[in-house]
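A.B. asks: Mind looking at a prediction? Sequence and model below.
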Number of protein chains: 2
Amino acid sequence: MAPGTEGPASAAYFPTLAAERLDIALCRASAAVARATEARAHALGLGVGQHLVLKMLAAVGPRSQRVLSDELRIDRSVMVGLCDSLEQAGLVRRERAAGDRRAYAVTLTDAGRQRLAHAEEAVPALLDDAFQALTPAERDRLSALLGKLLRPAP
Amino acid sequence: MAPGTEGPASAAYFPTLAAERLDIALCRASAAVARATEARAHALGLGVGQHLVLKMLAAVGPRSQRVLSDELRIDRSVMVGLCDSLEQAGLVRRERAAGDRRAYAVTLTDAGRQRLAHAEEAVPALLDDAFQALTPAERDRLSALLGKLLRPAP
DNA sequence: TATTGTTATACTCTATAACTATA
DNA sequence: TATAGTTATAGAGTATAACAATA
């Protein structure tokens, strides 16, 4: 075999790389998980962003698009389209906020609550699929580590 | 304050969300780390992909673009531009592979080796910055978990 | 003047499919 | 026919800036 093209010698390289560069490992793992969940998530009929909005509204009650954007770390201009699609599907209503006529109070409808419940049922299976390489205990540890990474420095 | 727009009550929502959806936490953590490393990585004058190619060539010797693509999980069509830029900067040479005139043997130059060494020096600081929320022991644990997630099922 | 929602623009990634020259 | 490298195109996602209505 010609020099520069032999295979087996390089086949073991990637794991080494991933171990050395935590930032790259994180990026690749995220992409791999996203690919794994994509199909299942799409089957729910709810995009991730849409799901997040419904979930937050269910947890904290009606909020403005601005608050949803800030809290979910989704850009205001993206939130517009998200709320558009949810409203069109009848899952939220855009009520006018009582004290500020610039803002909406994005409100979960009964249909939205039902759809969310249905989606939430499917989440554990979705996660099981994507994280089958990890035991439940390992998933908890990963969750704790990521949580620490995401939380702004106290 | 008007209903639907009060702030503090919802400010604690995101951490809860991240804890429940491991896939989303992973995605957000990856994005946060990428943002944190972006500035420093750019200062190195080497993109992540360029860095990966140099690093792999240094580790395993001259390889074809195909092998680099497969091993680094970078699409062939992207690898073209990566090698273009590296060649233009004088960091690699595209030598013809001895036994297969379709393929190159992408080869690290001395300048490439130097540039890589310089970049590698900066990596620890780059990672320290992005992962300052985690102790060294926690980083090791995260690395191990991500490695398990990335390794194809044995 | 600052803010909420909206729209438009641009730019980066990625995926895909062709095409060439070799095998 | 299959593979290595290349090119072109289209789509998703994101960042940015502008704008109208309101504060």
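C.D. replies: Arrived safely. Numbers count the residues shown, from 1 in each chain, chains lettered A, B, ... in the order given.
A.B. asks: Can you list phi and psi of the closest residue to A:L46 other than its chain neighbours for me?
C.D. replies: Distances taken as Cβ to Cβ, 6 or more residues apart in numbering or on different chains put A:A119 closest to A:L46, at 5.2 Å, once the chain neighbours are dropped. For the C-beta atoms, the positions are set from N, CA and C on the backbone; glycine is no exception. Main-chain torsions, A:A119, degrees, to the nearest 10: phi -70, psi -40.
A.B. asks: burial of A:A119, as a residue count?
C.D. replies: Neighbour count of A:A119, defined by other Cβ atoms under 10 Å in any protein chain shown: 18.
A.B. asks: for the one 3 residues further on, same thing?
C.D. replies: Residues within reach of A:A122, counting by other Cβ under 10 Å, total 14.
A.B. asks: got the buried residues for the helix or strand where it lies?
C.D. replies: Assigned by DSSP states H and E, A:A122 belongs to helix A:110-130. For helix A:110-130, a neighbour-count test (16 or more other Cβ atoms under 10 Å in any protein chain shown) marks A:G112, A:R115, A:L116, A:A119, A:V123, A:L126, A:L127, A:A130 as buried.
A.B. asks: what do you get for stretch A:89-105?
C.D. replies: Neighbour-count burial for stretch A:89-105, counted by 16+ other Cβ under 10 Å, picks out A:L91, A:V92, A:R94, A:A97, A:A103, A:Y104, A:A105.
A.B. asks: Could you check how far A:S30 is from B:L150?
C.D. replies: Counting by Cβ to Cβ, to the nearest Å, the gap between A:S30 and B:L150 amounts to 10 Å.
A.B. asks: again, but for A:A59
C.D. replies: Look at A:A59 and B:L150: by Cβ to Cβ, they are 32 Å apart.
A.B. asks: of these two, who's got more company?
C.D. replies: In this view A:A59 and B:L150 are compared by other Cβ under 10 Å, and B:L150 has more residues nearby, 22 against 11.
A.B. asks: give the contact list for that one.
C.D. replies: A:F14, A:P15, A:A18, A:A25, A:R28, A:A29, A:A32 (Cβ atoms under 8 Å, 6 or more residues apart in numbering or on different chains).
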